[in-house]
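Asks: Fold the following for me, if possible:
(one chain, ligands or ions: 1)
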Amino acid sequence: MSFQDIKAQDKPIQILKGYIKHSRLTGSYLFTGEEGVGKKLVAKTLAKALNCEGQTLDSCDSCVPCLKIEKGQHPDIHIIEGSVSPGVNLEPGQRTAAQDSDSIKIEYIRQLQKDINLKPYEGKKKVFIIDNAHNLTAEAANALLKILEEPPGDSLIILLSAKPVLLFKTIISRCKTIKFYPLPRIELEEILKKDFHLDSNLAHYLAYSCEGRIGRALKLKDIDILREKNSIIDAFTLVRRSDSDRLSVENRNNVRAHLNILAGWFRDMYLIKIGAPYSELINLDRKEELLRLMHRYTFMDLYEIFNSFSSSLLYLEHNINVKLLLSNLREDISYGALYRK
Ligand SMILES: [Zn+2]
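Replies: Okay, here's the model as predicted:
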């Protein structure tokens, strides 16, 4: 994908193109922004633009360097990966044993140090992308500091992080920071419909559930996510009690996601009752059903249901038995009975 094809992040792209145009793209960069907003895509596209044989401010996506970079086969483009799930409340450099497998250890940085001092094998510029840079161990971060101070002119280092608060301040201060923001929901919905030709219900739901993160939306677009979402709502709200067993209870993150989907259903019920515009519904694909069911709930019913959801989400943090939690929630909602004619 070229800069021209990336439908989000106009501002970071303009800044980077400005640097290339004025030959000021030197040293080290830090791209910050939530997971799925497009940091890595822009970093890879930048690596292509810098090595492209056909274009000067973008990638052509058809020359040998562009194709090699796209496939991850270019010897001068290095991507160092970390995991996306470190503890958010840790101090910089502080980590637990459980997170060790996620960390970017000093060996990676030692290798980077060797590679960065070699001439490019075949490209014009070597690019080192360190993904999830907040996962650098203290030792690795210290080693990297020295390299960030004076990277060779034919090299570029790009750190990516959704949690820059976990990075050492000394690392941040040696990089030019470029901030990436999620797209406004309506804008993402339009892009998904216009440029990716998604059905309007699907585009609407993805724009809502991905909170403006286009990368996440594009990852989910080929999964039948509407059916998945609806089966969670149905599993919990249809008459037969055993159906709720279909909700996966093994993974607490799944349960949390499922509870949020269910809470969205009742939120929509509330919005439709107060006459909010349909465009504000998360479950726009089930608008007719919501219109039909809204009379079965008083505002007080919905108020109690919301309370029940917030306490369930809170209990979930405290290791309560998940099956019991779901069963209690179902009792509170008494929704099965409401579905009976
Ligand atoms: Zn090219």
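Asks: Determine the longest helix present in the chain.
Replies: Secondary structure of the chain per DSSP state H: the longest helix is helix 252-273.
Asks: Contacts for the helix or strand just after it, please.
Replies: Note on helix 252-273: by DSSP states H and E, the next helix or strand toward the C-terminus is helix 287-293. For helix 287-293, contacts defined as Cβ atoms under 8 Å, 6 or more residues apart in numbering pick out Asp268, Met269, Ile272, Tyr278, Leu281, Asn283, Leu338. The C-beta positions use only the backbone N, C-alpha and C, and glycine is treated the same way.
Asks: For these, work out which two are farthest apart.
Replies: Pairwise distances across these (Cβ to Cβ) peak at 22.2 Å, for the pair Tyr278 and Leu338.
Asks: So what does the closest residue in space to Thr177 that isn't next to it in sequence look like in phi/psi?
Replies: Closest residue in space to Thr177, ignoring its immediate chain neighbours: Leu30 at 4.7 Å, by Cβ to Cβ, 6 or more residues apart in numbering. Note on Leu30: backbone dihedrals following degrees, to the nearest 10 are phi -120, psi 120.
Asks: Pull the contacting residues for Leu30.
Replies: 133, 158-161, 164, 167, 171-172, 175-178.
Asks: And the nearest residue to Lys193 once chain neighbours are set aside, its phi and psi?
Replies: In this structure, Lys193 finds its nearest non-sequential neighbour in Ala203, 4.6 Å apart by Cβ to Cβ, 6+ apart. For Ala203, the backbone dihedrals are phi -60, psi -40 (criterion: degrees, to the nearest 10).
Asks: What separation do you get for Ala203 and Ala138?
Replies: 44 Å (Cβ to Cβ, to the nearest Å).
Asks: Between the two, which is the more surrounded one?
Replies: Using other Cβ atoms under 10 Å as the criterion, Ala203 and Ala138 rank with Ala203 on top: 22 against 14.
Asks: Ramachandran coordinates for Ile178?
Replies: Per degrees, to the nearest 10, the backbone of Ile178 is at phi -120, psi 120.
Asks: what pairs with it across the strands?
Replies: Phe31 (DSSP bridges).
Asks: Does it touch Thr32 like I think?
Replies: Yes. At 7.5 Å, Ile178 counts as touching Thr32 under the criterion of Cβ atoms under 8 Å.
Asks: Which strand residues bridge whichever residue of the stretch 151-300 of the chain sits closest to the ion?
Replies: Proximity of the stretch 151-300 of the chain to the ion (Cβ to the ion) peaks at Leu156, 16.9 Å away. In this entry, Leu156 is beta-bridged to Gly27, Val127, by DSSP bridges.
Asks: pLDDT below threshold where in the stretch 151-300 of the chain?
Replies: 238-251 (pLDDT under 70).
Asks: on that earlier part again, give me the PyMOL select line for the contacts of Leu30, limited to the buried ones.
Replies: If you want just the buried ones from the contacts of Leu30 in PyMOL, going by 16 or more other Cβ atoms under 10 Å, the selection is:
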select buried, resi 133+158+159+160+161+164+167+171+172+175+178
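Asks: would CSV of the contacts of Leu30 with secondary structure be doable?
Replies: Formatted as CSV, those follow (DSSP: H, G, I helix; E, B strand; the rest coil):
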residue, secondary structure
Ala133, helix
Ile158, strand
Leu159, strand
Leu160, strand
Ser161, strand
Pro164, helix
Leu167, coil
Ile171, helix
Ile172, helix
Cys175, coil
Lys176, strand
Thr177, strand
Ile178, strand
